[in-house]
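> Fold the following for me, if possible:
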Amino acid sequence: FKFSTSNFITYDLFVDLKKNIKFIKNNLRKSYKSLVINKHKNLDILILDSDNKKIWNEYKKIHFISAGRKTRSDKSWDMQYNEIKKKNAFLVYILYKKKFISGALINFTKDESYYSSGTYLYPNKIINNLGHLTQFRAIEELQKRGIKMHKIGFINYNRDEKRKTIDDFQIGFSTNYLERFNF
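So this is what the prediction gives:
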């Protein structure tokens, strides 16, 4: 992708879930293709789509550890958890040797979904693809549920280095982007 540097334009990044999984995988950034396959025998990639406060609290704990601080209010965490209980969201999470190390929260409607948040702890130097694994597993789950489009993120050029890294990750998954003019 080639993007403008205007502060008034952002780009919403999408994965077209109407395409088959082989097409989506073939259109990933070249370096991602091998990263979306779980080659680690000690990793379990699971879906939380019902009431399980224990798993949710693990997600919150890992988010706090990886951020190094509390970044959101308890009310916002409760609101997201309620979306899972109402069947409007699910959490893709990864266990390493049965220990929670990663998660990505996906909200969805009948036709569309949105990557809401994610957090990743890397237990060793060998495992460096947790974000890739959770996103690709989310794409598979969304297709299974009949969702048509997955908004993986957005790009806006008024950002710091952390945001640039996140944007670059999300671009690697995108099959489509849409300009959004902000006035």
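> just how off-centre is the worst-scoring helix or strand of the chain on mean pLDDT within its chain?
Between all helices and strands in the chain, the lowest mean by mean pLDDT, DSSP states H and E belongs to helix 161-171, at a mean of 80. Its chain's C-alpha centre and that of helix 161-171 lie 12 Å apart, by C-alpha atoms, centre = their mean, to the nearest Å.
> can you start the count at 454 instead of 1 from here on
In the new count, where the first residue is 454, that last one comes out as helix 614-624.
> could you check the angle helix 614-624 makes with the next helix-or-strand element following it?
The helix or strand immediately downstream of helix 614-624 is strand 629-634, counting by DSSP states H and E. Here strand 629-634 runs at an angle of 130 degrees relative to helix 614-624 (axes from the mean of the first three to the mean of the last three C-alpha atoms, to 10 degrees).
> what comes up buried for strand 629-634?
residue 630 (16 or more other C-beta atoms under 10 Å). (Each C-beta comes from the backbone N, C-alpha and C, glycine too.)
> as a whole number, average confidence for it?
Averaging pLDDT along strand 629-634 gives 84.
> I'd like to know which elements that strand is packed against.
In terms of contacts (3 or more C-beta pairs under 8 Å, 6 or more residues apart in numbering; DSSP states H and E), strand 629-634 is packed against strand 462-469.
> Walk me through which strands the strand it packs on pairs with, and which way each runs.
With DSSP bridges as the test, strand 462-469 is paired with strand 602-609 (antiparallel), strand 629-634 (antiparallel).
> Redo those strands as TSV? Include distance to residue 472.
Listed next are these as TSV, based on distance: least, C-beta to C-beta, whole Å:
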stretch	distance to residue 472
strand 602-609	10
strand 629-634	10
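> Contacts for the least confident helix or strand of the chain, please.
454, 466, 482, 568, 584, 605, 606, 608, 612 (C-beta atoms under 8 Å, 6 or more residues apart in numbering).
> can you do 10 Å?
454, 456, 464, 466-468, 482, 485, 568, 571, 584-585, 588, 604-610, 612-613, 630 (C-beta atoms under 10 Å, 6 or more residues apart in numbering).
> Residue 558 touches residue 570, doesn't it?
Yes: look at residue 558 against residue 570 with C-beta atoms under 10 Å: they come within range, at 4.9 Å.
> Next, residue 532: secondary structure please.
Secondary structure, DSSP: H, G, I helix; E, B strand; the rest coil: residue 532 is helix.
> What of the one 4 residues further on?
Taken by three-state DSSP, the conformation at residue 536 corresponds to helix.
> residues contacting it?
Contacts of residue 536 were listed using C-beta under 10 Å, 6+ apart, and they are 542, 543, 558, 559, 560, 561, 569.
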